[in-house]
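Q: Predicted coordinates and the sequence they were generated for:
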Amino acid sequence: MQIGILQTGQSPEVLRAKDGDYPDMFERLLAGHGLTFRTYRVAEMDFPQDVHDCDGWLITGSRFGVYEDHPFIAPLEDFIRHAIAAKVPMVGICFGHQIIAQAMGGKVEKYSGGWAVGAQDYVLDGEKVTLNAWHQDQVTRLPEGAQVIGCNDFCENAALVYGDTALTVQAHPEFDDGFIGGMLEKRGPGVVPDPILDRAGARLHDPKSSALLGDRIARFFLKPRG
């Protein structure tokens, strides 16, 4: 099964040599499931010709806001709507989670409660999981047809499903602790409040549920569909 990675941003250049770019992280996360990958740099207007060009789609994170005026936002939303209408499986992570919600009629905004950075605990389908996060924007109004499957007190719409066609997660299962540590050192200071950085640093090496989420994403892609 070939998964098209719709890359909506790049990892910080200062960390890229060591940790790779976002598609590299997803390929590591989803390794061992028989999936192959092709990357489209949609933030640079490199789009697939058709929603059936790959067997499934994965939308990455980004430093951009989905509500900002960038040339790729509207065509990406159109692509999302067409893919979901055609029942081509789609997964969205962080920015991907948000833009799928926005494309389908939900609302995304900068959350008044501030940042979620580093290890965060969620309830996902009744089970506690811990995942790395790095976001201030959130889905604040659900689109029609979306079902909440993951949340915590800070982020009530942390994971969503749209029937058996789309699965989206606000957190970053593809971010390992080394990458988060680099972000805390290189990208957080002066942007994220110090107490939040300190808490993230204190939990940097807490056990994470990234492998569990990677398995769930792979199973979602591989699920037989009529």
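A: Structure received. Numbers count the residues shown, from 1 in each chain.
Q: beta partners for the residue nearest in space to the middle of the chain?
A: Central residue check for the chain by Cα atoms, centre = their mean: the C-alpha nearest the mean position is that of residue 93, 1.0 Å away. With DSSP bridges as the criterion, the beta-bridge partners of residue 93 are residue 169.
Q: please renumber so the chain begins at 17
A: Got it, the first residue is 17 from now on, which makes the last one we talked about residue 109.
Q: can you give me the strands in the chain?
A: If DSSP state E is used as the criterion, the strands of the chain fall at 18-22, 52-56, 72-75, 106-109, 123-126, 132-140, 143-151, 153-157, 163-167, 175-178, 182-185.
Q: give me the number of residues near residue 123?
A: For residue 123, the number of neighbouring residues by other Cβ atoms under 10 Å comes to 14. (C-beta placed from N, C-alpha, C; glycine too.)
Q: pLDDT score assigned to it?
A: The score at residue 123 is 98. That number is its pLDDT.
Q: Residue 155 is in contact with that one, correct?
A: Yes: with contact defined as Cβ atoms under 8 Å, residue 123 and residue 155 form a contacting pair (7.3 Å).
Q: Mutual contacts of those two, please.
A: When contacts are counted by Cβ atoms under 8 Å, 6 or more residues apart in numbering, residue 123 and residue 155 have residue 117 as shared neighbours.
Q: Just list the residues touching the residue lying closest to residue 226 once chain neighbours are set aside, thanks.
A: Of all residues beyond its chain neighbours, the one nearest residue 226 is residue 189 (4.4 Å), with distances taken as Cβ to Cβ, 6 or more residues apart in numbering. Counting by Cβ under 8 Å, 6+ apart, residue 189 makes contact with 45, 109, 147-148, 224-226, 229-230, 233.
Q: Next one: residue 189 from residue 123, what distance?
A: 24 Å (Cβ to Cβ, to the nearest Å).
Q: same deal with residue 63?
A: Distance of residue 63 to residue 123, given as Cβ to Cβ: 25 Å.
Q: before we move on, what about residue 81?
A: If you measure residue 81 against residue 123 using Cβ to Cβ, the figure is 12 Å.
Q: Can you show me the helices along the chain?
A: In the chain, helices defined by DSSP state H lie at 29-35, 38-45, 89-101, 111-119, 193-202, 210-218, 226-238, listed in chain order.
Q: closest one to residue 172 among those?
A: When the helices of the chain are ranked by proximity to residue 172, the top entry is helix 111-119, at 12.7 Å, counting by Cβ to Cβ.
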